[in-house]
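*Asks:* have a look at this prediction, sequence included:
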Amino acid sequence: MSQFSREEMEEMMRRWLAVNDKAEQEGDWRCLADMYTEDVVYGWDTPNGKYEYNGREVVRETCVGAAMDPYAGWTYPYDKIVIDETRGEAMVTWWQVPPGAPVREDGTEMKVIGASWFKYAGNYEWAEQLDMYDYTNITNLIKECVETGILKEMPTMSSEMVND
């Protein structure tokens with residue numbers, strides 16, 4: 001028997017997508033933290049290892065705060081959503097798209113795919129999130145955006161967010 005109903009998990013994802021849309025429109029992703037448990041675990045992998053942050057307010061200021069501040073104007077449209085209500089998990093893919101959804105001269109869109117895994121806690125809150133993306137591809141996309149004038153400079157993150 002599943003811990004959560006399919007309907008509840010689908011409603012959680014609808015709410016999550018609505019808050020994501022709001023965050024994109026405002027250029028501030030801190031509101032996403034309201035969708036996490038107080039003791040949430042949020043992480044992502046980089047070439048230098050995995051980052052992991054614990055606690056809603058820590059995540060608000062780091063993962064969906066300082067780490068996302070340089071990306072005001074970017075959009076993150078969700079592509080695929082897979083829900084496993086038996087485990088209380090969701091796996092999604094999304095695109096990281098620069099401001100203005102630019103297209104290259106060859107007609108290809110300037111975007112990079114990423115993915116997130118979520119563990120649902122009930123009460124319309126995520127207990128865990130792990131983001132996965134190809135760090136080299138996103139770095140190259142950002143460089144391309146600077147070279148073509150879409151961005152004025154490379155976004156920087158606070159020193160605590162960068163693993164040297």
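*Replies:* On my side now, so go ahead. Numbers count the residues shown, from 1 in each chain.
*Asks:* top helix in this structure by residue count?
*Replies:* Scanning the chain for the helix with the most residues, using DSSP state H, yields helix 6-26.
*Asks:* which other helices and strands contact it?
*Replies:* Judged by 3 or more Cβ pairs under 8 Å, 6 or more residues apart in numbering; DSSP states H and E, the packing partners of helix 6-26 are strand 78-84, strand 89-96, strand 112-122. C-beta coordinates here come from the backbone N, C-alpha and C atoms, glycine included.
*Asks:* and the last one, what's buried?
*Replies:* Translated: strand 112-122. When neighbours are counted by 16 or more other Cβ atoms under 10 Å, the buried residues of strand 112-122 are found to be Val112, Gly114, Ser116, Phe118, Lys119, Tyr120, Ala121.
*Asks:* wait, Arg104 touches Met110, no?
*Replies:* Yes: distance between Arg104 and Met110: 6.1 Å, which falls inside the contact criterion (Cβ atoms under 8 Å).
*Asks:* of those two, who's got more company?
*Replies:* Set side by side, Arg104 and Met110 give different neighbour counts by other Cβ atoms under 10 Å, the larger being at Met110 (17 against 10).
*Asks:* run a quick neighbour tally on the closest residue to that one other than its chain neighbours.
*Replies:* Spatially, and ignoring its direct neighbours in sequence, Met110 is nearest to Pro102 (4.5 Å; Cβ to Cβ, 6 or more residues apart in numbering). Counted by other Cβ under 10 Å, the residues lying close to Pro102 total 15.
*Asks:* the one 3 residues further on too?
*Replies:* Glu105: 6 surrounding residues under other Cβ under 10 Å.
*Asks:* just the element for it, please.
*Replies:* Per DSSP states H and E, Glu105 falls between elements, in no helix or strand.
*Asks:* residues in contact with the residue nearest to the spatial centre of the chain?
*Replies:* Centroid check for the chain by Cα atoms, centre = their mean gives Asp131 as the closest residue, at 6.4 Å. Applying Cβ atoms under 8 Å, 6 or more residues apart in numbering to Asp131 gives the contacts Gly43, Trp44, Asp45, Gly114, Ala115, Ser116.
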